[in-house]
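Peer 1: just need the structure, nothing else, for what follows:
(chains A and B)
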Amino acid sequence: MAETTLETPVETHRPRRIKWGAIGDHTVLILGALLMMIPPLLALTTASHDAVTIHREGLQLTLGDNLGKNFHAAMFEKGGFTQTVDGTLMLMNSFILGIGFAVGKIIISMMAAYAIVYFRLRFATLAFWVIFTTLLLPLEVRILPSYEAIQKLGLTNTYTGLIVPLIASATGTFFFRQFFMSVPEELAEAARIDGAGPWKFFVDILVPLSRTMIAAIFIIMFVFGWNQYLWPTLITTDESFFTLVRGIKQIVLSYTDSQIPEHGQALALAIVAMIPPVAIVVFFQNWFVKGLTESDK
Amino acid sequence: MKRAGFDTIWLPVALLMPQLLIIAIFFYWPAGWALQSSFYLQDPFGFGSTFVGGENYTSLLGNDQYKRVAVFTILYSVLVTFFSLAIALLLAIKADKVIRGAKTYRTLLMWVYAIAPPVAGFLGILFFDQSTGPLTKFFQMFGWDFKLGVDYNATATAMVIVAVWKQIPVNFIFFLSGLQSIPRSVREAAMIDNRSATGRFWQVTFPLLAPTAFFLLIINITYALFDTFGVIDALMKGEPGNNPMTLVYKVYLDGFRGNDLGGSSAQSVILMVLVLILTVFQFRLMERRIHYT
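Peer 2: Below is the predicted model:
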């Protein structure tokens, strides 16, 4: 405050005190931020060193000069046990799983939620309960029988087998049901008076109205799909279907089997696996927080 | 259901069909099958199965290894839930208070949400590396010969630390949004009534935050039970050996590596009952939670 023109202050200021409370708050927050930031940052700096250094000295604090080399090797050199899979292929599979899962889930659950909320159906309540019971049992609990089912259907090592069973839960349907319930009654009434049929109302009014909700749930579901580990581990044994998250252990193991483990390349791969979901969460933060806190899971 | 509903029959049926079909094939069929096969004993060489009634269950409950895994799972869930909730609550309170840099702090504290559990586990391997890991050295300073993957307690500690780290962001986001939804008028009234910040927290903020906290409690227990699979799998480096594991990991291990179909199914059913109880709690809390928000 450069108010030097006034010779005498109009009101008597108390001398500006140091706000110890605020300093304490910031200290806690900075420590917390460091706790969250340091591991991934160290992964990045370490990924820039050569295999021998990492093997001998472990995590590195400084940037080395092998960053490009390690990333290039991780993305384009064939690795794995069969020497047929590279990072680019796994990256593509991760995108197929993440986007396929999110889009599939949104379409299917929006349709179901619309049917449940907007139609006078005798079995609507029954359908509601049949669908919402699935919230009770996560895939991890029924993993073995689900695997058997996929195997009987001949869907192992297919994208269908990878994606569709993950959609078999009601999280999305529940979320859209809540939202549709909050849409004013008059909207459907008005649409009906104007002569719009139920399909037209859904496509032309309700879907555009749900844009923000769709964006929010897309982010949550994309991250969820991208980060799947157990299910892809069981369903994909063929390395050409490996996603980054599923493949990382195999790749790490095959790297560490060699004399000097290629931890630099493995870390580069881990960083590639982190970037897309982290980017989408950070850039679309407000939608993400909305989706997370309103979908209740 | 809306009052101003449409009357068509074929459209809603067609709209519901995909979801119902997927659920029938990939949910009800497998779940029913698990229940059924939990009462059978599979021949290890694949020659049929015999009905054994509740034997799979009774042999599980008499199995010391299963008991040990169950005890570890309970302890693990309690520790992961407690520490991730406590740290996140502290950070959320501070982030709610500061004015400068509030948005930056929020971003920095929540982005780890997007990191996959096995990737977090892989980072953990490097931090707990036997010869070079910084956290290994930290524990060695206290005279603890920390051996990841060899020493039971060391591996368990690493699993808790990585799982807590990975879970802080979710709790932070929920606590922060819970704090921010407390009306300004309530806060101001509390300021007048109670001069001590600690007193204000326990008498006003905490009760208002309780629904969020209860809800998060369930979310965190579910997380510790199921979603930590990747963390555990990564940290034991594919060698179960003498390492600690959770119940879900044991279902996977017995079913896929041990080929014990009946035993694994019985374990699945036990877990299903456990989740059922948790979910009933969750639904009841959700209804209460709506009152506050």
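Peer 1: show the contacting residues for B:Val160.
Peer 2: B:76, B:79-80, B:83 (Cβ atoms under 8 Å, 6 or more residues apart in numbering or on different chains). Bear in mind the C-beta positions are built from the backbone N, C-alpha and C, glycine included.
Peer 1: redo that, cut-off 10 Å
Peer 2: Counting by Cβ atoms under 10 Å, 6 or more residues apart in numbering or on different chains, B:Val160 makes contact with B:75-76, B:78-80, B:82-84, B:224, B:228, B:231, B:244.
Peer 1: let's have the residues you listed in JSON lines, adding secondary structure, distance to chain A and pLDDT.
Peer 2: Listed next are those as JSON lines, based on DSSP: H, G, I helix; E, B strand; the rest coil; distance: Cβ to the nearest Cβ, whole Å; pLDDT from 0 to 100:
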{"residue": "B:Leu75", "secondary structure": "helix", "distance to chain A": "19", "pLDDT": "95"}
{"residue": "B:Tyr76", "secondary structure": "helix", "distance to chain A": "15", "pLDDT": "95"}
{"residue": "B:Val78", "secondary structure": "helix", "distance to chain A": "19", "pLDDT": "95"}
{"residue": "B:Leu79", "secondary structure": "helix", "distance to chain A": "17", "pLDDT": "96"}
{"residue": "B:Val80", "secondary structure": "helix", "distance to chain A": "16", "pLDDT": "96"}
{"residue": "B:Phe82", "secondary structure": "helix", "distance to chain A": "17", "pLDDT": "96"}
{"residue": "B:Phe83", "secondary structure": "helix", "distance to chain A": "12", "pLDDT": "96"}
{"residue": "B:Ser84", "secondary structure": "helix", "distance to chain A": "12", "pLDDT": "95"}
{"residue": "B:Ala224", "secondary structure": "helix", "distance to chain A": "12", "pLDDT": "91"}
{"residue": "B:Thr228", "secondary structure": "coil", "distance to chain A": "10", "pLDDT": "91"}
{"residue": "B:Val231", "secondary structure": "helix", "distance to chain A": "10", "pLDDT": "92"}
{"residue": "B:Pro244", "secondary structure": "coil", "distance to chain A": "18", "pLDDT": "91"}
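Peer 1: which of the residues you listed tops the neighbour count?
Peer 2: B:Val231 (30 neighbours; other Cβ atoms under 10 Å in any protein chain shown).
Peer 1: surely it touches B:Thr155?
Peer 2: No. With contact defined as Cβ atoms under 10 Å, B:Val231 does not reach B:Thr155; the gap is 11.2 Å.
Peer 1: could the contacts of B:Val160 go into TSV alongside distance to B:Ala95?
Peer 2: Shown next, in TSV, are the contacts of B:Val160 (distance: Cβ to Cβ, whole Å):
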residue	distance to B:Ala95
B:Leu75	30
B:Tyr76	28
B:Val78	26
B:Leu79	24
B:Val80	22
B:Phe82	20
B:Phe83	18
B:Ser84	16
B:Ala224	24
B:Thr228	25
B:Val231	25
B:Pro244	33
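Peer 1: show me what contacts the residue of the stretch 51-200 of chain A found nearest chain B?
Peer 2: When scored by Cβ to the nearest Cβ, the stretch 51-200 of chain A has A:Gly58 as its residue closest to chain B, at 2.4 Å. When contacts are counted by Cβ under 10 Å, 6+ apart, A:Gly58 touches A:42, A:46, A:263, B:126-127, B:129-134, B:136-137.
Peer 1: and the pLDDT for A:Glu11?
Peer 2: pLDDT, A:Glu11: 51.
Peer 1: show me the helices in the stretch 151-297 of chain A, by range?
Peer 2: Assigned by DSSP state H, counting those that start in this stretch, the helices in the stretch 151-297 of chain A fall at A:159-167, A:171-182, A:185-193, A:198-200, A:207-209, A:211-226, A:230-235, A:244-256, A:263-283, A:285-295.
Peer 1: which of those has the lowest average pLDDT?
Peer 2: helix A:244-256 (a mean of 75).
Peer 1: could you give the angle of the helix or strand B:Pro118 falls within to helix A:263-283?
Peer 2: Per DSSP states H and E, B:Pro118 falls inside helix B:117-127. Between helix B:117-127 and helix A:263-283, the angle comes out at 130 degrees (axes from the mean of the first three to the mean of the last three Cα atoms, to 10 degrees).
Peer 1: now the element after helix B:117-127, going C-ward?
Peer 2: Next along from helix B:117-127, by DSSP H and E: helix B:134-141.
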